[in-house]
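Asks: The following block contains a protein sequence and its predicted model.
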Amino acid sequence: MLGSYFPILIVAMLLGAVTQWFVSSSYRRYSKVPLATGHSGAEVARRMLDAEGLHKVGIEIVPGELTDHYDPRSDVLRLSKDVYHGRSVAAAGIAAHEAGHAVQHARGFIAARVRQVLVPTANIGSSLAFPLILAGLFIGMTGLIMVGVIMFAGAVAFQLVTLPVEFDASRRALAALNIGNVLPEDQVRGARTVLSAAALTYIAATLVAVLQLLYFLGLARR
């Protein structure tokens, strides 16, 4: 019964490997292209935030590589060291993208609000869904499988809502980089490539999650 799950695992591994390669190669390529204006990632983010009137949003360094994120609870932009100090096209694109999330939060972007509400559901679903489904299969209890499927559906909903949130943050970032003359047009294209590569990871993860959900629904109906 679980043997038919292996194709999904293979798809997940292949998509994960391909998207990760694309992200890494795009980041490496454009991290070597100096920003024409000479601004650092932190400076790019600060300019974008200030232009939106978000002067109180902080910017900090976070350990790791590509660990950049916006924390809505603390209202702080956390950038990895290479992005914070980096003066490359890649650093500018990533910093502006994360600043885009701060703008979403300030403007009450509905998809971002929904995603924030779904965080607890996604965490619970990700941690408990698989054990419940496996336990239900082991003891032959369809109801337990369905509970696990419902929990996993919450995690999938989070993935689906994440897509418009990430796309919108990139849209805001590229508009700011273009309008604010932070990057010339050819470098905006480079930033777009980096952000598009990152977006593919979300698309791939969502596709795999939907395939898993459909498979688990099939198990629950047997």
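Replies: That came through fine. Residues are numbered from 1 along each chain as shown.
Asks: When you work out contacts or count neighbours from here on, use the C-alpha atoms and nothing else.
Replies: Will do.
Asks: in this protein, which spans are strands?
Replies: With DSSP state E as the criterion, the chain has strands at 58-62, 69-71, 76-80.
Asks: Please indicate which of those has the most neighbours on average?
Replies: Of the strands of the chain, the one with the most neighbours on average (mean count of other Cα atoms under 10 Å) is strand 76-80, at a mean of 23.
Asks: what helices or strands is that strand leaning on?
Replies: Contacts defined by 3 or more Cα pairs under 8 Å, 6 or more residues apart in numbering; DSSP states H and E place strand 76-80 against strand 58-62, strand 69-71, helix 89-107.
Asks: quick revisit: let's have the strands of the chain in TSV, adding distance to residue 173 and mean pLDDT.
Replies: Output for those, formatted as TSV (distance: least, Cα to Cα, whole Å; pLDDT from 0 to 100):
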stretch	distance to residue 173	mean pLDDT
strand 58-62	16	97
strand 69-71	13	96
strand 76-80	14	97
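Asks: Make JSON lines from the ones you listed and add distance to residue 48 to it.
Replies: Output for the strands of the chain, formatted as JSON lines (distance: least, Cα to Cα, whole Å):
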{"stretch": "strand 58-62", "distance to residue 48": "12"}
{"stretch": "strand 69-71", "distance to residue 48": "14"}
{"stretch": "strand 76-80", "distance to residue 48": "12"}
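Asks: between these, which gets nearest to residue 98?
Replies: Comparing these by their distance to residue 98 (Cα to Cα), the top pick is strand 69-71, with 5.8 Å.
Asks: Each with direction, which strands does that closest one pair with?
Replies: strand 76-80 (antiparallel) (DSSP bridges).
Asks: rewinding a little: pick the most deeply packed of the helices and strands packed on strand 76-80.
Replies: It is helix 89-107: most buried of the helices and strands packed on strand 76-80 by mean count of other Cα under 10 Å, with a mean of 26.
Asks: mind listing what's buried in stretch 169-186?
Replies: Of all the residues in stretch 169-186, those buried under the rule 16 or more other Cα atoms under 10 Å are 169, 170, 171, 172, 173, 174, 176, 177, 178, 182, 183.
Asks: Out of the strands of the chain, which gets nearest to residue 204?
Replies: Proximity to residue 204 (Cα to Cα) singles out strand 69-71 among the strands of the chain, at 19.6 Å.
Asks: Residues contacting the closest one, please?
Replies: Residues from elsewhere that reach strand 69-71 (Cα atoms under 8 Å, 6 or more residues apart in numbering): 76, 77, 78, 79, 98, 99, 101, 102.
Asks: Narrow the buried residues of stretch 169-186 to those in helices?
Replies: Within these, residues falling in helices by DSSP state H are 169, 170, 171, 172, 173, 174, 176, 177, 178.
Asks: I'd like those as TSV, with distance to residue 40 appended.
Replies: Converted to TSV, those look like this (distance: Cα to Cα, whole Å):
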residue	distance to residue 40
169	19
170	18
171	20
172	19
173	15
174	16
176	15
177	13
178	16
